[in-house]
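Asker: sequence and predicted structure are below.
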Amino acid sequence: MRKMLVVSAMFLLALAFFGTALAQEKYPSKPIKIIIPLGPGSGNDVVTRILSESLEKELKTQVSVEYKAGGGGGVVGSDFVAKSKPDGYTLGTLNNSVFTISPVFTPVPYDPVKDFSPIARLGSGSVVLVVNSNSPWKTLEDFLDYAKKNPGKATSGTTGATAVGGLDIELLKIAAGIQLTLVPYKEGSGPNIAALLGGHIDSAMQLWPVLTSHVRGGKLRPLATTSPLKEYPQVPTFAEKGLSSVSLDVWFGFYGPANLPKEAMAKLVPAFEKALRDPENVAKLEKIGWRVAYEGPQDVSERIKKELAVVQDIAKKAGIKAQ
């Protein structure tokens, strides 16, 4: 009887050991959810959907998206990612503003450096000032002249005051000596663009990849950009117009909560790298205006620290305090 108990105990221990080993080797063994911190149609959303097929192929599991908008620039969704269980099944497509801008100007419920596991960086996209094609403003000079003659009357939409576009608007106001009324759309670029198309606001400072189809379709007119547009080289940069401080671009990265298991990172990092280096995906991303430049976890982490320090320095020199 005692011998049988010993054998049974050894069998159960062996079963537990192999069960644990198999559980570790199996990641991912269920669908992966990617949090979009803005609404449908945002840059985060478009990018994730372009890459999802490649990710599913590499990870051999379903990859779905879930929207967690709010907080201006994606703070609510980013906090959701930070506080998720660190098991590799909840990730986020997050833009740089939640790491390097929002924490400087407003209190955020997470630590931008300590509370996330960077996985990959996609690259960057220009931020562009656009107006409705039916508007009377044909050039940047036209729009700025109107704003100077009508202080505070001209409106401009962004995804939040602490989003990159919002900060670019503030920099434009200072550099051009004008007053614009900022209209934040915390649900993302979709509602912002809809408002501009509907004539509810005068302009928008938005990420180029979410504007391309409307510009190509003749519905929106780009007046100036933070960095050159390959498809529309005739659109001037703000620097070319003597407004060099208006230069902040948007970049996206893919993250999990802090302390993701090594087994998960060992699968996620190469899967994202392969998806971002795939020529077909790169072509799709470049077609909608992205400058694709893959970076791995360590490089992303260092980039966040450096850019956060730069924005903190700008805020200090400008005398801007967190609200």
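Answerer: Good, I have the coordinates.

Asker: show me the contacts for K60.
Answerer: Residues in contact with K60, defined by Cβ atoms under 8 Å, 6 or more residues apart in numbering, are P28. No exception for glycine: its C-beta is placed from N, CA and C like everyone else's.

Asker: pLDDT score for it?
Answerer: We note a pLDDT of 97 for K60 in this prediction.

Asker: now do it against Q234, distance only.
Answerer: 46 Å (Cβ to Cβ, to the nearest Å).

Asker: which residues in the stretch 201-323 of the chain form strands?
Answerer: In the stretch 201-323 of the chain, the segments counted as strands under DSSP state E, counting those that start in this stretch are 203-207, 220-225, 250-257, 291-295.

Asker: G242: which of those strands is closest?
Answerer: Ranking the strands of the stretch 201-323 of the chain by proximity to G242 (Cβ to Cβ) places strand 220-225 first, at 10.9 Å.

Asker: now do the closest one against strand 203-207, angle only.
Answerer: 70 degrees (axes from the mean of the first three to the mean of the last three Cα atoms, to 10 degrees).

Asker: against which helices or strands is strand 220-225 packed?
Answerer: With contacts defined as 3 or more Cβ pairs under 8 Å, 6 or more residues apart in numbering; DSSP states H and E, strand 220-225 has these neighbours: strand 127-132, helix 140-149, helix 189-197, helix 212-216.

Asker: got the angle for that strand vs strand 127-132?
Answerer: Computed by the same axes, to 10 degrees, the angle between strand 220-225 and strand 127-132 is 140 degrees.

Asker: if we can go back for a sec, any idea which of the helices and strands packed on strand 220-225 gets closest to V76?
Answerer: helix 189-197 (15.5 Å).

Asker: for the chain, give me the ranges with low pLDDT.
Answerer: 1-25, 72, 317-323 (pLDDT under 70).

Asker: outline the domain layout of the chain.
Answerer: Listed by automatic domain parsing, the domain ranges of the chain are 26-124+251-318, 127-241.

Asker: circling back: for the strands of the stretch 201-323 of the chain, state which one has the densest average packing.
Answerer: Comparing the strands of the stretch 201-323 of the chain by mean neighbour count (mean count of other Cβ atoms under 10 Å), strand 203-207 ranks first with a mean of 28.

Asker: what is the end-to-end distance of stretch 99-117?
Answerer: Criterion Cα to Cα, to the nearest Å; first-to-last residue distance in stretch 99-117 is 12 Å.

Asker: quick one: K284 and I50 touch, right?
Answerer: Yes - shown here, K284 and I50 form a contact pair, counting by Cβ atoms under 8 Å, at 5.1 Å.

Asker: who has more neighbours, the two?
Answerer: Neighbours per residue (other Cβ atoms under 10 Å) separate K284 from I50, with I50 holding more: 19 against 16.

Asker: the more buried one belongs to a helix?
Answerer: Yes - using DSSP: H, G, I helix; E, B strand; the rest coil, the assignment for I50 is a helix.

Asker: related to what we said a few turns ago, out of the helices and strands packed on strand 220-225, which comes closest to M265?
Answerer: That would be helix 189-197 among those, by Cβ to Cβ, at 30.3 Å.

Asker: gap between the most centrally placed residue in the chain and V65?
Answerer: For the chain, the residue nearest the mean C-alpha position is N95 (2.2 Å; Cα atoms, centre = their mean). Going from N95 to V65 by Cβ to Cβ gives 15 Å.

Asker: quick one on the thing from earlier: could you pull up phi and psi at the residue nearest to the centre of the chain?
Answerer: When read as degrees, to the nearest 10, the backbone of N95 gives phi -90, psi 160.

Asker: wouldn't it be in contact with V250 here?
Answerer: Yes - with contact defined as Cβ under 8 Å, N95 reaches V250; the gap is 5.6 Å.

Asker: so what sits against both of the two?
Answerer: Common neighbours of N95 and V250, counting by Cβ under 8 Å, 6+ apart, are 43, 164.

Asker: what ranges does the stretch 51-200 of the chain have for its strands?
Answerer: Going by DSSP E, counting those that start in this stretch, the stretch 51-200 of the chain shows strands at 63-67, 90-95, 116-125, 127-132, 155-158, 181-184.

Asker: nearest to D299, of those?
Answerer: The closest of the strands of the stretch 51-200 of the chain to D299 is strand 116-125. By Cβ to Cβ, the value is 7.0 Å.

Asker: counting by contacts, list what that closest one packs against.
Answerer: strand 250-257, helix 262-277, strand 291-295, helix 297-318.

Asker: show the contacting residues for K85.
Answerer: P257.

Asker: swap that for I34, sorry
Answerer: With the criterion set at Cβ under 8 Å, 6+ apart, I34 makes contact with 48, 52, 63-66, 91-93, 254.

Asker: alpha carbons of stretch 141-161, as CSV, please.
Answerer: This file holds the C-alpha atoms of stretch 141-161, laid out as CSV (Å, rounded to 0.1, in the frame of the first residue of the first chain):
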residue,chain,number,x,y,z
GLU,A,141,-0.5,82.2,-44.5
ASP,A,142,-4.2,82.6,-45.3
PHE,A,143,-5.2,80.7,-42.2
LEU,A,144,-2.7,82.4,-39.9
ASP,A,145,-3.8,85.8,-41.2
TYR,A,146,-7.4,85.0,-40.4
ALA,A,147,-6.5,83.8,-36.9
LYS,A,148,-4.5,87.0,-36.2
LYS,A,149,-7.4,89.2,-37.3
ASN,A,150,-9.9,87.2,-35.4
PRO,A,151,-8.3,86.2,-32.0
GLY,A,152,-9.8,83.0,-30.6
LYS,A,153,-12.4,82.6,-33.3
ALA,A,154,-10.6,80.0,-35.4
THR,A,155,-10.9,76.5,-34.0
SER,A,156,-8.6,73.5,-34.4
GLY,A,157,-9.3,69.9,-33.4
THR,A,158,-6.9,67.3,-31.9
THR,A,159,-7.2,64.1,-30.0
GLY,A,160,-6.4,66.0,-26.8
ALA,A,161,-4.4,68.9,-25.4
